[in-house]
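>>> return a 3D structure for these sequence lines:
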Amino acid sequence: MSDSTFMTPSDKTAFDYETGRRAFMRTLGLGAAGAALLSAGGTTPAEAQSVGAVEVFNFALNLEYLEAEFYLRAAFGRGLADADITGTGTLGAVTGGRPVNFTTPLLRGYANEIAADEENHVRFLRAILGGSRVARPAINFVDSFNTLARFSGLGNTFDAFANETNFLLAAFVFEDVGVTAYKGGSPLIRNNEFLEATAGILAVEAYHAGLIRTVLATRGLYQQAQQISDLRDFFDGPSDLDFGIGSSATPDLVPTDVNGIAYSRTPAQVLAIVYGSGTVQPGGFFPNGANGAVR
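Numbers count the residues shown, from 1 in each chain. All right, here's what the predicted structure looks like:
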């Protein structure tokens, strides 16, 4: 079966959903050290005990909602099905998004595959969370991209769905963040089966990120990518966790440390980027904030 084919839970023979869900729901808190990594503003040891694997995966689900809605609209002109967006917390609408007029068949194929992957990530996380899954929060693809464009110097407005170039730059906003978010969350997962699943999703996001970075480079969009990278670095704090795509002479496919290891971001740093504010105040892509305990 092609990985761009939508799969139902019965198709996914590699994962036993019922057994896995029962084990997942028995997973206890992550402890003070792990919860401190999750916290946007610090946490006490007592507060730390209330943060567990469910909160980690629900935080990831918020990000998967965002990516899935972006790519599904760009590739197919639709969003997630009603059955894939309900849950605890406030269900929000999606503002903006429409099919991109792809003129390059290969890029259209890439967009279709990424959209299918992200939709399957949503379905996977919702399946293992069961009744504890959060609903899709409100998502805004209009004001968020306009704000990011102004901050980064790309212009006063930015329509992410206007053409192939804008689509690629918009995708670049998401992809590196997703990789660093999953890597940052991986030490917090105690259950080995779910750690493997997390590593699998991280690998897919890394493939996506490498592809987007490569296509941007082939189109000579070095300066624009650097402006987006600089903005992400500004939002996520004083640490230098982000890189552009380099130059034609010295391309930069993977943002890594001196050991060739990809960077990690805490949920606080991820939220600072997707909220478009450098803080944990809701805004940007999530105008009302994410759903769940980690928000």
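>>> and the residue nearest to residue 170 when sequence neighbours are not counted, how many neighbours does it have?
Here the nearest residue to residue 170 in space, its sequence neighbours aside, is residue 160; by C-beta to C-beta, 6 or more residues apart in numbering that works out to 3.5 Å. The way it works is simple: take the backbone N, C-alpha and C, and place the C-beta from them, glycine included. Residue 160 is flanked by 26 other residues according to other C-beta atoms under 10 Å.
>>> surely residue 160 is within a strand?
No - secondary structure assignment places residue 160 outside any strand; it is coil (DSSP: H, G, I helix; E, B strand; the rest coil).
>>> tell me how far it lies from residue 194.
Counting by C-beta to C-beta, to the nearest Å, the gap between residue 160 and residue 194 amounts to 32 Å.
>>> report the contact partners of residue 162.
The contact partners of residue 162, by C-beta atoms under 8 Å, 6 or more residues apart in numbering, come to residue 100.
>>> what do you get for residue 164?
100-104, 107.
>>> kindly report the same for residue 119.
Listed by C-beta under 8 Å, 6+ apart, the contact set of residue 119 reads 6, 68, 72, 80, 84.
>>> ok, which stretches of this structure are strands?
94-95, 139-140 (DSSP state E).
>>> pick the most deeply packed of those.
Burial among these, expressed as mean neighbours by mean count of other C-beta atoms under 10 Å, is greatest for strand 139-140, which shows a mean of 24.
>>> adjacent strands (with direction) for that one?
Looking at strand 139-140 with DSSP bridges, its paired strands and their directions are strand 94-95 (parallel).
>>> what's the strand it pairs with in contact with?
Outside strand 94-95, the residues within contact range by C-beta under 8 Å, 6+ apart are 69, 73, 79, 136, 138-143.
>>> can you rerun that using 7 Å?
Outside of strand 94-95, the residues that reach it under the criterion C-beta atoms under 7 Å, 6 or more residues apart in numbering are 69, 79, 139-142.
>>> quick one: buried ones out of the contacts of residue 164?
By the neighbour-count criterion of 16 or more other C-beta atoms under 10 Å, the contacts of residue 164 include these buried positions: 100, 102, 107.
>>> against residue 275, how distant is the nearest residue to residue 62 once chain neighbours are set aside?
Residue nearest to residue 62 in three dimensions, not counting chain neighbours: residue 290, with 4.1 Å by C-beta to C-beta, 6+ apart. Look at residue 290 and residue 275: by C-beta to C-beta, they are 9 Å apart.
>>> who's more crowded, the two?
A side-by-side neighbour count of residue 290 and residue 275, using other C-beta under 10 Å, places residue 290 first with 27 against 23.
>>> surely the more buried one and residue 137 touch.
Yes - shown here, residue 290 and residue 137 form a contact pair, counting by C-beta atoms under 7 Å, at 5.5 Å.
>>> mutual contacts of those two, please.
In the contact map built from C-beta under 7 Å, 6+ apart, the residues linked to both residue 290 and residue 137 are residue 62.
>>> before we move on, the earlier item: what is the nearest of the contacts of residue 164 to residue 128?
Taking C-beta to C-beta as the measure, residue 100 is the one of the contacts of residue 164 closest to residue 128, at 31.3 Å.
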